[in-house]
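Undergrad: can't give you the sequence, but here's the structure:
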């Protein structure tokens, strides 16, 4: 992000809100959060597997095992392989979502497929897959809404993107997620000239999130200062 200095306040220019750097802009910023989310997914699927094994539901057991190879390709950022042909005779996420529809594993396949399409720049299909995903847990709802916001922002449907970023901020129980999506909400509003809405989003971060150790959190004061009429040069 480009930065310029004023007398005593550092003013940060408005950056474009896009999804093209979704992985590096978010997951690399919060690598531990990524591990937590993927771990929660793995535990949820594994827990379902154990339950259904005891209740003898072969379809669900098969689904969990069938996802393994696609998940490996996803972890390597091989998104097209994860979607369609992960190798070893295994199905990709698209086939898994259809084959195991109605199971938790099939539901998670929609989530994975949506992220794969997002990373591949296919925003319409990313939207379709994320809307099929039935979000569960304390973090995945916010991530789902945030991904949808990124997709609509890339499609330049900014009003819809703003709605989803706000939903993501509202749904976030994790401070890092809440800060990330409220910041996106504020910056996109500012980019569109909606200064009052941008200021409201940034003020929410200052009030609702107490994390002065975060560089993003500290930047919020600069954004607020700029919107309240601070110098631009």
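TA: Received, thanks. Not measured: the values here are computed from a predicted model.

Undergrad: any idea how far residue 221 is from residue 160?
TA: Distance of residue 221 to residue 160, given as Cβ to Cβ, to the nearest Å: 29 Å. The way it works is simple: take the backbone N, C-alpha and C, and place the C-beta from them, glycine included.

Undergrad: What of residue 114?
TA: Here the distance between residue 114 and residue 160 works out to 16 Å (Cβ to Cβ).

Undergrad: for this structure, what spans make up the helices?
TA: All helices of the chain, identified by DSSP state H, fall at 22, 31-55, 58-66, 68-75, 79-84, 93-99, 104-120, 123-132, 140-154, 158-171, 175-191, 195-208, 215-227.

Undergrad: Per the annotation, how does this structure divide into domains?
TA: Using automatic domain parsing, the domain ranges for the chain come out as 1-20+138-233, 22-120.

Undergrad: comparing the ones you listed, which gets the lowest mean pLDDT score?
TA: Between the domains of the chain, the one with the least mean pLDDT is domain 22-120; it has a mean of 78.

Undergrad: Surely residue 109 and residue 67 touch.
TA: Yes. Under the criterion of Cβ atoms under 8 Å, residue 109 is in contact with residue 67, at a separation of 6.7 Å.

Undergrad: who's more crowded, those two?
TA: More neighbours surround residue 109 than the other of residue 109 and residue 67, with 32 against 25 (other Cβ atoms under 10 Å).

Undergrad: show me the residues around the more buried one that make contact.
TA: Counting by Cβ atoms under 8 Å, 6 or more residues apart in numbering, residue 109 touches 67, 70, 93, 94, 96, 97, 100.

Undergrad: Can you tell me which of these are classed as buried?
TA: Buried subset of the contacts of residue 109 (neighbour count, 16 or more other Cβ atoms under 10 Å): 67, 70, 93, 94, 96, 97, 100.

Undergrad: Verify the contact between the fifth one and residue 105 for me.
TA: Which is residue 96. Yes. Between residue 96 and residue 105 a contact is recorded at 7.1 Å, counting by Cβ under 8 Å.

Undergrad: that older thread, of all the buried ones among the contacts of residue 109, which comes closest to residue 170?
TA: Closest approach to residue 170 among the buried ones among the contacts of residue 109 (Cβ to Cβ): residue 97, at 27.2 Å.
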